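J.: need a 3D model of the following:
(chains A and B)
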Number of protein chains: 2
Amino acid sequence: MKQSQIFSKTIRDNPKDEESVNAKLLVRAGYVEKVMAGVYNFLPLGLRVFKKIENILRKEMNLLEGEEILLSALQPKENWLATGRWESYDTLFKFLSHYSKTEYVLGPTHEEIISPLAKKNIVSYRDLPRYLFQIQTKFRDEKRAKAGLLRGREFTMKDLYSFHSDEADLDEYYEKVQKAYEHIFEKAGIGDLTYLTFAFGGSFSKYSHEFQTLTPAGEDTIYICDTCKIAVNHEIIGEQDSCPKCGNKKLRKETAVEVGNIFKLKTKFSEPFGLKFKDENDQERNVLMGCYGIGLNRLMGTIVEIHHDENGIIWPESVAPFKAHLILIENSEGEIKKSADEIYNNLLADNIEVLYDDRDLSAGEKFADADLIGIPWRVVVSEKTLREGKLELKSRKKETGELISYDNFAKAIN
Amino acid sequence: MKQSQIFSKTIRDNPKDEESVNAKLLVRAGYVEKVMAGVYNFLPLGLRVFKKIENILRKEMNLLEGEEILLSALQPKENWLATGRWESYDTLFKFLSHYSKTEYVLGPTHEEIISPLAKKNIVSYRDLPRYLFQIQTKFRDEKRAKAGLLRGREFTMKDLYSFHSDEADLDEYYEKVQKAYEHIFEKAGIGDLTYLTFAFGGSFSKYSHEFQTLTPAGEDTIYICDTCKIAVNHEIIGEQDSCPKCGNKKLRKETAVEVGNIFKLKTKFSEPFGLKFKDENDQERNVLMGCYGIGLNRLMGTIVEIHHDENGIIWPESVAPFKAHLILIENSEGEIKKSADEIYNNLLADNIEVLYDDRDLSAGEKFADADLIGIPWRVVVSEKTLREGKLELKSRKKETGELISYDNFAKAIN
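T.: Alright, predicted model coming up:
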């Protein structure tokens, strides 16, 4: 894509109404635009990153045999009365439909929708297990919404729900999802700093698990066991003040952000909705459920919190909007431009995603924008490189680049 | 995909709370589930159709050089006050954020969001023209919501917005979008019954245009000129009671459903938001805008209204959830099942999307489900076909099938 054709412009100064690093950089680089506190538009560059994250998640959900669905954001009040969460869920947007004269909830999560849906399609043990997921917009009336993409009033979530005939089956799947989540955070470039964290399990399970990523931007406190590389959430620390795995009492305190959670709901939602199945002996039993969430906006914001320097974002290749940032120095109609155009076309032909800075700006301005936008590989075409018949290739992670032939360059970045 | 593994079950009888053909069939076949009036969940089969439609739209938007973005559903009250639509837009969901103490709109359309966004990124004539589109969820508090997917309180829309420096440029792009819309409806299998329809243009243009598809399920009345194959919307018929193209006064009256619209907004939204640009002479001028919408749910519902018979849906191949429906008669572990399994694996290897009915049901039940689900090609493997070393291939559009070898079958359906 040619940079001269991209809708969004970069912004030199930090926006005054943003406190978080992720929002400052994503707004300045033209990935997102703030609509109001906790609500962002995704611009062309931002949507590219978003879709890469979405594809990482979808691939892992498919490996977990998840069937993709799309549930409604508008939810009926009755379903929330049935689970008692109409009153107890503290970030619920509620409002009246003028014409239908009924109250709606704007879905912050989907147990109240998927449980009655499952009831219509799960009848016998032959219908179990089932795994359903969606990548869909959630709404939460958050008390504070100052952390950019880390905590929004509107955001996209990947939510997976599983349905089982017995605890052993639920346990086995829960373990599989746990491993899939580890792959996801690894692929998204935050695996090293992300800890499986024991958290409050609710009335039906001893523990649930969160995936917590270490960053000063996080709002949570966790206690890490350096022996086991797992952690304990602050909510259960009085109750559980040693490592649940090895008993180690020397836990290291840290602020962290929750990038995912997995939860054995068991019969918490199947009971109120009468979600039962007939077992092999024709006996009716409650279906057991698990739920597993990852917020895409929060994951994107966390990646930026982890991967940036004073000049801008440093995207991991797996989620970068483009692989290479081709920069033409001296935007004339002469030899240099011809050569850069040719390289651009070669990259496209080689299926390398490339952003081509063909704008009429100084080298300094272009380099500053490249650092801000944070594409993994910067490729410079200038009079100097042309004289040597080469390109200058620089990783966004490094200070200096190297002169390299086109063929070696294509190999190097693949 | 194996049918035994699909979450949704078919339903024998018409649901009592649905009046429209599209909802009856889509619910019975397991494409969608009704949450409440005008609100549907998309089940695995339904989401497959939905994504095919999405891809048809996205491809045409890319050909129109549209840049894809994703705008927020939550919108600030101020923006709607600025355009006067806070009071005048009659299907607006409005509600209070408990914590931010401000009122939100749940977006029924996005002019109030995209215009101020464009203002931040369009400064000079060099930034024009621009074309931005999204495929995103809309919310409208519809008075009546009884037409299934044709009129929902929550639905996905493809909305494209264009920004221009002068009328000639807007007119040229408007014509291009008109042609792209014709391609879209052609591809989606409703081209023959869809008419370009002249409609009310608002305060800034003489006409806007709708694309109206003839079906008894439609709520609109249009007047067709059979010479020009265009139509006039009932809203402007007193004012314009002859064909706007040839002057023909013998217009044929029909009920129809609006599957798309294109609208020259001109400065209607750029004025209230101060969306201006500097021209070549450094003079400030208003940006001219166009907007172009297609509702995905309505398009899917319309396809079903057009393409069905008394036994179920008859999907056009372009949007069908699968290309072939492989049906095993006599679900034994013997020769027939082995042969059907082999054919299933061959189809997968040949990249033919196939639904494999491997369930333990009678031939009659399987055929009834196949007709209801409406996949274009039915492929039967039975003792009879096996004896002849062939398959039975039947188009969903036809009454009878033919015996055919695997090789000829793969050719026939490709």
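J.: any idea how far A:Asn286 is from A:Lys278?
T.: 12 Å (CB to CB, to the nearest Å). All C-beta spots, glycine's among them, are computed from the backbone N, C-alpha and C.
J.: A strand includes A:Leu265, no?
T.: Yes. Looking at A:Leu265 with DSSP: H, G, I helix; E, B strand; the rest coil, it is inside a strand.
J.: and whichever residue of chain A sits closest to chain B, what are its phi and psi?
T.: In chain A, the residue that lies nearest chain B is A:Phe95 (3.5 Å; CB to the nearest CB). Recorded main-chain torsions at A:Phe95 are phi -160, psi 170, according to degrees, to the nearest 10.
J.: got the contact list for it?
T.: Applying CB atoms under 8 Å, 6 or more residues apart in numbering or on different chains to A:Phe95 gives the contacts A:103-104, A:106, B:93-95.
J.: rebuild those residues as a markdown table, extending it with distance to A:Gly260, secondary structure and pLDDT.
T.: Shown next, in a markdown table, are the contacts of A:Phe95 (distance: CB to CB, whole Å; DSSP: H, G, I helix; E, B strand; the rest coil; pLDDT from 0 to 100):
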| residue | distance to A:Gly260 | secondary structure | pLDDT |
| --- | --- | --- | --- |
| A:Glu103 | 31 | strand | 94 |
| A:Tyr104 | 28 | strand | 96 |
| A:Leu106 | 23 | strand | 97 |
| B:Phe93 | 31 | strand | 96 |
| B:Lys94 | 34 | strand | 95 |
| B:Phe95 | 29 | strand | 94 |
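J.: which ChimeraX command selects the buried ones in those?
T.: Of these, the buried ones go into a single ChimeraX selection, burial set by 16 or more other CB atoms under 10 Å in any protein chain shown:
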select /A:104,106 /B:93,94,95
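J.: which two of the contacts of A:Phe95 have the greatest separation?
T.: Greatest spatial distance in the contacts of A:Phe95: A:Glu103 and B:Lys94, 13.6 Å, computed using CB to CB.
J.: write out the residues of the stretch 151-300 of chain A neighbouring chain B.
T.: When proximity is defined as CB under 8 Å from any CB of the partner chain, the stretch 151-300 of chain A approaches chain B at A:153-154.
J.: which one is A:Leu214 nearest to, not counting chain neighbours?
T.: Using CB to CB, 6 or more residues apart in numbering or on different chains and skipping the chain neighbours, the partner closest in space to A:Leu214 is A:Leu193 (4.5 Å).
J.: check the burial of the one you found by counting its neighbours.
T.: Number of residues near A:Leu193 (other CB atoms under 10 Å in any protein chain shown) recorded here: 18.
J.: next one: A:Asn345
T.: A:Asn345: 12 neighbours (other CB under 10 Å).
J.: sec struct for it, please.
T.: With three-state DSSP as the basis, the three-state label of A:Asn345 is helix.
J.: pLDDT at it, what is it?
T.: Here, the pLDDT recorded for A:Asn345 equals 95.
J.: now do the one 3 residues further on
T.: Reading off the per-residue confidence, A:Leu348 sits at a pLDDT of 94.
J.: pretty sure it contacts A:Val354?
T.: Yes. Contact criterion CB atoms under 8 Å: A:Leu348 and A:Val354 qualify, at 6.8 Å.
J.: between those two, which has more neighbouring residues?
T.: The neighbour comparison of A:Leu348 against A:Val354 (other CB under 10 Å) goes to A:Val354, with 22 against 13.
J.: now do the same contact list for that one.
T.: A:1, A:322-326, A:344, A:347-348.
J.: go again using 10 Å as the cut-off
T.: Applying CB atoms under 10 Å, 6 or more residues apart in numbering or on different chains, one finds that A:Val354 lies in contact with A:1-2, A:322-326, A:343-348, A:375, A:377, A:379.
J.: against A:Pro376, how distant is it?
T.: For A:Val354, the distance to A:Pro376 equals 11 Å [CB to CB].
J.: where do the contact lists of those two overlap?
T.: Taking CB under 10 Å, 6+ apart as the criterion, A:Val354 and A:Pro376 both touch A:322-325.
J.: tell me who's in contact with A:Ile135.
T.: Residues near A:Ile135 by CB under 10 Å, 6+ apart: A:53-55, A:57-58, A:61, A:68-70, A:156-159, A:294, A:296.
J.: hang on, the earlier thing: which neighbours do A:Glu103 and B:Lys94 share?
T.: Listed as contacting both A:Glu103 and B:Lys94 by CB under 10 Å, 6+ apart are A:95-96.
J.: bridging residues for the residue of chain A closest to chain B?
T.: Per DSSP bridges, the residues bridged to A:Phe95 are A:Tyr104.
J.: out of the contacts of A:Val354, which is nearest to B:Phe211?
T.: A:Met1 (30.4 Å).
J.: hmm, back to that, of the contacts of A:Ile135, closest to A:Asp282?
T.: Nearest to A:Asp282 among those: A:Ile69, at 29.3 Å, using CB to CB.
J.: isn't that closest one up against B:Gly30?
T.: No. Taking contacts as CB atoms under 10 Å, A:Ile69 lies outside contact range of B:Gly30: 11.2 Å.
J.: outside of the one helix or strand in chain A whose mean pLDDT sits lowest itself, which residues are in contact with it?
T.: Ranked by mean pLDDT, DSSP states H and E, the weakest helix or strand in chain A is helix A:406-413, scoring a mean of 85. Residues from elsewhere that reach helix A:406-413 (CB under 10 Å, 6+ apart): A:317, A:323-324, A:339, A:342-343, A:346-347, A:350, A:352, A:376-377, A:379, A:389-393, A:395, A:402-405.
J.: between A:Ile69 and B:Gly30, what contacts are shared?
T.: Residues touching both A:Ile69 and B:Gly30 (CB under 10 Å, 6+ apart) are B:7-8, B:43-46.
J.: sort out for me which of these are in helices.
T.: B:44-46 (DSSP state H).
J.: before we move on, back to that, which one (most neighbours) among the contacts of A:Val354?
T.: Tallying neighbours with other CB under 10 Å puts A:Val379 at the head of the contacts of A:Val354, with 29 neighbours.
J.: residues in a beta bridge with that residue, which ones?
T.: Beta-bridge pairing for A:Val379 (DSSP bridges): A:Leu326, A:Leu393.
J.: got a pLDDT number for it?
T.: 96.
J.: surely A:Leu170 and A:Asn286 touch.
T.: No. When contacts are counted by CB under 10 Å, A:Leu170 is not listed as touching A:Asn286 (11.7 Å).
J.: state the distance from the residue of chain A closest to chain B to B:Lys253.
T.: According to CB to CB, A:Phe95 stands 40 Å off from B:Lys253.
J.: start to end distance for stretch A:365-379?
T.: 15 Å (CA to CA, to the nearest Å).
J.: buried stuff in that stretch?
T.: A:366-379.
J.: then stretch A:114-127?
T.: Of the residues in stretch A:114-127, A:114-119, A:121-122, A:125, A:127 count as buried by neighbour count, 16+ other CB under 10 Å.
J.: the stretch 201-350 of chain A: helices as residue ranges?
T.: Ranges of helices within the stretch 201-350 of chain A are A:270-273, A:296-306, A:335-349, based on DSSP state H, counting those that start in this stretch.
J.: so how far is the second one off the chain centroid?
T.: Right, the one you point to is helix A:296-306. Distance of helix A:296-306 from its chain centroid, counting by CA atoms, centre = their mean, to the nearest Å, is 6 Å.
J.: ditto for stretch A:261-272
T.: How far stretch A:261-272 lies from its chain's middle: 23 Å, per CA atoms, centre = their mean.
J.: next one: stretch A:85-102
T.: So, by CA atoms, centre = their mean, the centroid of stretch A:85-102 is 28 Å from its chain's centroid.
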